[in-house]
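K.L.:
just to be clear, the model below is a prediction. Sequence and coordinates:
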Amino acid sequence: MATRRGPRFKECRRLGVNVCGHPKAMNRANAPAFKKKHKISEYGLQLIEKQKIKAYYGILERQLRRYYALALKKEGKTGEELIRMLETRLDNIVYRAGFASSIRMARQMVTHRHFTVNGKKINIPSFEVPVGSEICLVEKDRKNPQFKKCFLELNKAPLEYIQRNEESFSAKLVSYPERKKIPVEINDQLVVEFYSK
């Protein structure tokens with residue numbers, strides 16, 4: 001299974017956004033060495049937005065193209081539908097719910113079978129979580145100090161479309177996420193323009 005293994009902080013500085021969610025990722029972003037000295041073309045802006053999506057969700061080009069093709073078939077705006085589909089991936093829901101401190105950690109936890117979706121063990125990071133589904137940390141992993149710390153102490157402000165239950169170490173996708181409430185700094189339209197050429 002192919003995964004993204006490049007340097008995360010360097011990628012954040014290049015894209016100008018903290019796509020990995022680490023508090024120290026942008027510490028050197030304003031250093032003179034990292035300031036852009038040339039004007040970026042229209043194609044360059046579109047490319048940067050596309051790269052942001054891949055970095056935010058930890059996916060590769062082939063996966064993103066597949067999601068874009070699916071988004072084209074939906075009734076809403078293509079860019080918004082693309083982001084919504086990526087947001088409901090199992091590895092992303094695990095990350096957003098606070099079980100993991102990064103999308104990479106969330107992906108690894110899913111592949112190692114640490115979660116159940118509606119009582120069934122799922123080890124596919126790209127699994128599309130249906131609205132109303134409950135994601136639970138398996139019983140034996142609830143005593144793991146790292147997992148407990150992530151879920152109970154390090155969790156950021158919860159999102160409206162994810163309901164957490166700290167007693168049962170579970171999270172529920174209560175609604176399909178609205179684009180304006182998804183915490184990613186991406187210009188969807190530029191991504192659509194990039195792929196529509």
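P.N.:
Received the coordinates, thanks.

K.L.:
need the longest helix for this protein.
P.N.:
For the chain, the helix with the greatest residue count under DSSP state H is helix 42-57.

K.L.:
okay, buried residues for it please.
P.N.:
Neighbour-count burial for helix 42-57, counted by 16 or more other Cβ atoms under 10 Å, picks out 46, 48-57. (Each C-beta comes from the backbone N, C-alpha and C, glycine too.)

K.L.:
go through those and say which is closest to V110.
P.N.:
Lowest distance from V110 to the buried residues of helix 42-57 (Cβ to Cβ) belongs to Y57, with 13.2 Å.

K.L.:
how about the closest one: what's its closest non-neighbour residue?
P.N.:
Excluding its sequence neighbours, the residue lying closest to Y57 (Cβ to Cβ, 6 or more residues apart in numbering) is L86, at 4.7 Å.

K.L.:
now do the same contact list for the one you found.
P.N.:
L86 makes contact with 53, 56-57, 59, 67, 92 under the criterion Cβ atoms under 8 Å, 6 or more residues apart in numbering.

K.L.:
how about a cut-off of 10 Å?
P.N.:
Going by Cβ atoms under 10 Å, 6 or more residues apart in numbering, L86 touches 53-54, 56-59, 63-64, 67, 71, 92, 126, 128, 182, 184, 186.

K.L.:
next one: H112 from R96, what distance?
P.N.:
Distance from H112 to R96, counting by Cβ to Cβ, to the nearest Å: 19 Å.

K.L.:
out of these two, which sits in the more crowded spot?
P.N.:
Using other Cβ atoms under 10 Å as the criterion, H112 and R96 rank with R96 on top: 25 against 10.
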